[in-house]
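>>> Pasting a predicted model and its sequence here:
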Amino acid sequence: MSEADPGLFGPSSVTWQVHGDPMMWVAGVRALYLQALHPRAVRGVMQNSDFRNEAWGRLLRIADFIGTTTYGTTEAAEGAGTRVRKIHSMLGATDPDTGERYGVDEPELLLWVHCAEIDSYLHIARRSGFPLTDEQADRYIGEHRISARLVGLDPDAVPGDQAEMTAYFEKVRPELAAGEEARVVDDFLLRPPTHPLLVPAREVLWRRVAHLAYAALPPYAHELYGRPAPEPATVTRRLRATGTLLRCVPARLRWQLPPKHILRAMARLGEGARPAPYKLGR
């Protein structure tokens, strides 16, 4: 594989710029809240792991997968997809009401997880002030037919723009519910296990992230969870304030956090591969 390999997306993609934004961590938490509302999907997670004690590792693995598929070489991205598909092919779950056994790699479940993630990344980025036009937002969703293929979906069956994404959520909404498993996810996100000395930091920092991510969910999600959220205008102001604050942290400092996907991509492709919002206007 050439050292100059741009990977599956490349520096000219919308994905390349958006995924370098620090608000993606808030978006990731929003995605978890949303994903937990699909009973069959969240059941697959709960029955195949000790979610409360393994959730941090799961979050880091998801972040590593996104970083690898966005900024890694084509070979690395395809390899990450192969590993995910292999793991999913070996896992199943049982519906406690009917006794039905099903695979976690059912297309409808993979599609829900995919759409909840992509919708969350795009929603949080735009609402927090990342400059994206509607055309660029459509491009972002369309680009992620690539990541959908990596997890085993037919790209043609995946929403390719905002209108198709909106139609998908309207179609799937009657299947959503905040069951017992969703409550476990909610409880974890509000009070994740941590060392006693870190509890104050969890209360000050993490809970703010979790509350902000929850507040940014669509209204029907708040209704299902049964917890109110601030008015949309208030949530937008908080997202913009948080985005402004986090974007003041020098990017190279933020990107030093392991596993340093962006810095490795820049070393491979040159300084011109540096993600930056202004590049979208070119």
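Received it, and whenever you're ready, just let me know what you need. Just so it is clear, the model here is predicted, and its values are computed rather than measured.

>>> can you give me the strands in this structure?
92-94, 101-103 (DSSP state E).

>>> chain center to the last one, what's the gap?
Right, the one you point to is strand 101-103. 24 Å (CA atoms, centre = their mean, to the nearest Å).

>>> Would you list the strands that that strand pairs with, along with their directions?
Here strand 101-103 has these sheet partners by DSSP bridges: strand 92-94 (antiparallel).

>>> any idea of the mean pLDDT in the partner strand?
In this model, strand 92-94 has a mean pLDDT of 96.

>>> from the strands of the chain, which stretch is densest packed?
Comparing these by mean neighbour count (mean count of other CB atoms under 10 Å), strand 92-94 comes out on top with a mean of 16. (C-beta placed from N, C-alpha, C; glycine too.)

>>> Show residues contacting that one.
40, 43-44, 46-48, 100-104 (CB atoms under 8 Å, 6 or more residues apart in numbering).

>>> And the spatially closest residue to residue 88 that is not a sequence neighbour, its phi and psi?
Spatially, and ignoring its direct neighbours in sequence, residue 88 is nearest to residue 105 (4.0 Å; CB to CB, 6 or more residues apart in numbering). Residue 105 adopts backbone torsions of phi -100, psi 20, taken as degrees, to the nearest 10.

>>> any idea how far residue 105 lies from residue 65?
Separation of residue 105 from residue 65 (CB to CB, to the nearest Å): 15 Å.

>>> Over to residue 110?
14 Å.

>>> pretty sure residue 265 is touching residue 273, no?
Yes - using CB atoms under 8 Å, residue 265 is in contact with residue 273, at 5.7 Å.

>>> who's more crowded, the two?
Higher neighbour count among residue 265 and residue 273: residue 265, with 25 against 20, using other CB atoms under 10 Å.

>>> tell me the contacts of the more buried one?
Applying CB under 8 Å, 6+ apart, the residues near residue 265 are 7, 71-72, 273.

>>> list the contacts for the residue nearest to residue 88?
Neighbouring residues of residue 105 by CB under 8 Å, 6+ apart: 85, 88-89, 91, 152.

>>> thinking again about what came up before, now, which of the contacts of residue 265 sits nearest residue 117?
Distance to residue 117 across the contacts of residue 265 (CB to CB) is lowest for residue 71, with 16.7 Å.

>>> I'd assumed residue 260 was in contact with that closest one.
No - Residue 71 is not in contact with residue 260 according to CB under 8 Å; the separation is 9.5 Å.

>>> Tell me which of those two has more neighbours.
residue 71 (30 against 14).

>>> Now do the same contact list for that one.
Per CB under 8 Å, 6+ apart, neighbours of residue 71: 7, 16, 19, 261-262, 264-265.

>>> Of those residues, which is the nearest to residue 136?
Taking the contacts of residue 71 together and measuring to residue 136 by CB to CB, the closest member is residue 16, at 11.9 Å.

>>> which residues sit in contact with that closest one?
Applying CB under 8 Å, 6+ apart, the residues contacting residue 16 are 9-10, 70-71, 273, 275.

>>> of the contacts of strand 92-94, buried ones?
40, 43-44, 46, 48, 104 (16 or more other CB atoms under 10 Å).

>>> now what about stretch 139-155, what contacts it?
Here stretch 139-155 has contacts from 8-9, 13-15, 18, 69, 77-78, 80-81, 84-85, 88, 105, 107, 110-111, 113-114, 118, 121-122, 132, 156, 158-162, 164-165, using CB under 8 Å, 6+ apart.

>>> Whichever of those residues count as buried, I'd like them selected in PyMOL; how would that read?
A single PyMOL command selects the buried members of those (16+ other CB under 10 Å):
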select buried, resi 8+9+13+14+15+18+69+77+78+80+81+84+88+105+110+111+113+114+118+121+122+132+158+159+160+162+165
